[in-house]
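In: Predicted model and sequence follow; I will ask about them next.
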Amino acid sequence: MKTIAIIPSRMGARRLPGKPMIDIQGMPMLGHVYYRTKLCMDIDEVYVATCDEEIKTYIESIGGKVIMTSKDHLRSTDRVAEALRIIEKQEKGQIEIVVMVQGDEPLVNPDMIANSISPILIDKSIEIVSLMSEVKDENEANDNNCVKVVCDFNNFALYLSRSNIPYQNRGIAGLPTLKKVNVVAMKRGLLFYYNSLEPTPLELVESIGILRVLEHGGKVKMVLSDTYTVSVDTQKDLEIVKDMMKDDYWFGRYRQ
């Protein structure tokens, strides 16, 4: 099955404007995401989807492929869906699986991307997979930038929220808090179908696009990742990532 990765990225992020080009150990954050995604052997090609010329110029300068998209998208999935239509027209053929790797995940690694794809290849009934990892501390659990998830016994998502879920009853110990990681693998049909639907109430109130799938009765497979990553939403996140990147194994594979 032909599989590509699309990295949606824009300069106008509300919480940290211009963050795709913010320097992390001598390289723009988006460069880290691009190179680390390229290292995944299960990906046939990597594209960056953007509406900004600055991002286009940078990615092309390092030999990457860029798809220019509308400035009006409210969700990353909307940008990815538009980019996929353009790619399929250019390639004159269908792409079976798309992995959306957010441009603010500079610590993503190729194993994580491969792990998001494998459930779709193993089980034909699975159409969308998201990674998750364990929340490390109370501050992260209470951070609204961190999307938490609760699952059933088969690791299908029951609900996602920016609030701290599940409620931690003091009488029940050992129940972890899990966060969604911004690596999502999807079959093309699912992407186009849900992209054609109107935003749903819980999606809007939580500002979590994947809730549109759950609200329409779809199933989202969650895969637990043992890799701890930090999405860069704030200056504090950025400083944490800069420090972690100093000794990062994968950085050594593409450091220039």
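Out: Looks like it arrived, so ask away.
In: so where do the helices sit in the stretch 101-250 of the chain?
Out: Assigned by DSSP state H, counting those that start in this stretch, the stretch 101-250 of the chain shows helices spanning 110-122, 138-141, 188-195, 201-206, 211-215, 235-245.
In: Which one of these lies nearest to residue 38?
Out: When those are compared by CB to CB, helix 110-122 sits nearest residue 38, at 8.4 Å. C-beta: built from backbone N, CA, C; applies to glycine.
In: Pull the residues that contact that closest one.
Out: With contacts defined as CB atoms under 8 Å, 6 or more residues apart in numbering, helix 110-122 is touched by 1, 3, 5, 36-37, 39-43, 97, 99, 101, 126-127, 129-131, 181, 183-185, 187, 221, 223, 225, 227, 229, 250.
In: And stretch 136-145, by the same measure?
Out: 15, 135, 146, 148, 162-164, 177, 179, 228, 231, 233-234, 237.
In: taking the residues you listed one by one, which sit in strands?
Out: Here DSSP state E is the test, and these give 148, 179 as lying in strands.
In: What ranges does the stretch 1-150 of the chain have for its strands?
Out: 3-8, 23-24, 27-28, 45-50, 65-68, 97-101, 128-134, 148-151 (DSSP state E, counting those that start in this stretch).
In: just for this protein, where's the confidence low?
Out: Within the chain, the stretches with pLDDT under 70 are 170-173.
In: how long is stretch 43-53 end to end?
Out: 25 Å (CA to CA, to the nearest Å).
In: Any buried residues in it, and which?
Out: Under the neighbour-count criterion of 16 or more other CB atoms under 10 Å, stretch 43-53 has 43, 46, 47, 48, 49, 50, 51, 52 buried.
In: same question, stretch 223-237
Out: So stretch 223-237, judged by 16+ other CB under 10 Å, has buried residues 223, 225, 229, 230, 231, 232, 233, 237.
In: same deal with stretch 139-148?
Out: For stretch 139-148, by 16+ other CB under 10 Å, it's 140, 141, 143, 146, 147, 148.
In: Could I get these in JSON lines, plus columns for distance to residue 210?
Out: Listed next are the buried residues of stretch 139-148 as JSON lines, based on distance: CB to CB, whole Å:
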{"residue": "140", "distance to residue 210": "19"}
{"residue": "141", "distance to residue 210": "19"}
{"residue": "143", "distance to residue 210": "18"}
{"residue": "146", "distance to residue 210": "14"}
{"residue": "147", "distance to residue 210": "9"}
{"residue": "148", "distance to residue 210": "12"}
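In: any idea which of the residues you listed is the one closest to residue 80?
Out: residue 147 (17.4 Å).
In: quick one, what contacts the closest one?
Out: Taking CB under 8 Å, 6+ apart as the test, what residue 147 contacts is 160, 161, 162, 179, 180, 208.
In: C-alpha coordinates for stretch 75-89, PDB please?
Out: Written as PDB, here are the backbone C-alpha positions of stretch 75-89 (Å, rounded to 0.1, in the frame of the first residue of the first chain):
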ATOM      1  CA  ARG A  75      -7.900  22.100  11.000                       C
ATOM      2  CA  SER A  76      -4.700  20.400  10.100                       C
ATOM      3  CA  THR A  77      -6.700  17.600   8.500                       C
ATOM      4  CA  ASP A  78      -8.300  20.100   6.100                       C
ATOM      5  CA  ARG A  79      -4.900  21.100   4.900                       C
ATOM      6  CA  VAL A  80      -3.800  17.500   4.600                       C
ATOM      7  CA  ALA A  81      -6.900  16.600   2.600                       C
ATOM      8  CA  GLU A  82      -6.300  19.400   0.200                       C
ATOM      9  CA  ALA A  83      -2.700  18.500  -0.200                       C
ATOM     10  CA  LEU A  84      -3.500  14.900  -0.800                       C
ATOM     11  CA  ARG A  85      -5.900  15.800  -3.600                       C
ATOM     12  CA  ILE A  86      -3.100  17.800  -5.200                       C
ATOM     13  CA  ILE A  87      -0.500  15.100  -4.800                       C
ATOM     14  CA  GLU A  88      -2.800  12.400  -6.300                       C
ATOM     15  CA  LYS A  89      -3.500  14.700  -9.300                       C
END
